[in-house]
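**Q** Got a predicted structure plus its sequence, pasted below:
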Amino acid sequence: MIGTPAQVDRPQLFQSSVMRIEPQWIDYNGHLNMAYYNVLFDRALDEFWVELGLGPDYMETRNGSTFTAECHVRYLREIRLDDPVRVSVLLIAADEKRLHIFEELRHATEGWLSATSENMTLHVDMVDRKVAPFPPDIRACIEIVADVHKPVPRPEGIGRRIAMPSQSR
């Protein structure tokens, strides 16, 4: 759950529900196909959005939503069919129109890290289909979460880029 003002002294990340791997997601290598890591990360964000007030009701009643502008996934350890998983969500930064999020996909019972996803998400006015500021009430909730997450140590991997390793001679 997201921290409320009363919990600011106990920073904790949002934790998704425990998710199960669906058999059709397993590829010919016998592990979770890379595309479905994004499905798991997206499902976790859907749960997080509800906590922020940005869930399906927000779209229906206020004509607002979020679009992912950029995503960087790292695959660190394979997930197999019977592995239960859970995603933690860290709000790294936010402004009036954007959220910078870092997610960690972990085995739900053993705790090992399988993958990470770093995202830049935009708030969109769905009538105009353009990026727009968050409404004040949603922005206030985002600021509470940002304050709760601020003291959390930044995980390894934030801001990484893809590049070939340098070769020394």
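**A** Done, it's in.
**Q** Quick one: distance of the longest helix seen in the chain to the chain centre.
**A** Scanning the chain for the helix with the most residues, using DSSP state H, yields helix 34-52. The chain centroid and the centroid of helix 34-52 are separated by 6 Å under C-alpha atoms, centre = their mean, to the nearest Å.
**Q** Give me the below-cutoff pLDDT ranges for this structure.
**A** Confidence mapping of the chain against pLDDT under 70 gives the ranges 1-11, 168-169.
**Q** please redo it, this time with the cut-off set to 90
**A** 1-12, 156-157, 160-169 (pLDDT under 90).
**Q** all strands of it, in order?
**A** Using DSSP state E, the strands of the chain run over 14-15, 64-75, 85-94, 98-107, 113-125, 130-131.
**Q** so which of those strands comes closest to Y37?
**A** strand 113-125 (5.1 Å; C-beta to C-beta). Where C-beta positions appear, they are placed from N, C-alpha and C, glycine not excepted.
**Q** what lines up beside that closest one in the sheet?
**A** Sheet pairing of strand 113-125 (DSSP bridges) gives strand 64-75 (antiparallel), strand 98-107 (antiparallel), strand 130-131 (antiparallel).
**Q** Return the most buried member of these.
**A** With neighbours taken as mean count of other C-beta atoms under 10 Å, the strands paired with strand 113-125 reach their highest mean count in strand 98-107, at a mean of 22.
**Q** Could you figure out how far that one is turned away from strand 85-94?
**A** 160 degrees (axes from the mean of the first three to the mean of the last three C-alpha atoms, to 10 degrees).
**Q** that older thread, I'd like the strands paired with strand 113-125 as CSV, with distance to L40 appended.
**A** Below are the strands paired with strand 113-125 laid out as CSV (distance: least, C-beta to C-beta, whole Å):
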stretch, distance to L40
strand 64-75, 10
strand 98-107, 6
strand 130-131, 26
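**Q** What degree of burial does the closest residue to G55 other than its chain neighbours show, as a neighbour count?
**A** Excluding the flanking residues, the one nearest G55 by C-beta to C-beta, 6 or more residues apart in numbering is W49, at 5.2 Å. A count of nearby residues for W49, using other C-beta atoms under 10 Å, gives 19.
**Q** What of S16?
**A** 21.
**Q** now do the one 10 residues further on
**A** When neighbours are counted by other C-beta under 10 Å, I26 registers 16.
**Q** ok, it to S16 distance?
**A** 21 Å (C-beta to C-beta, to the nearest Å).
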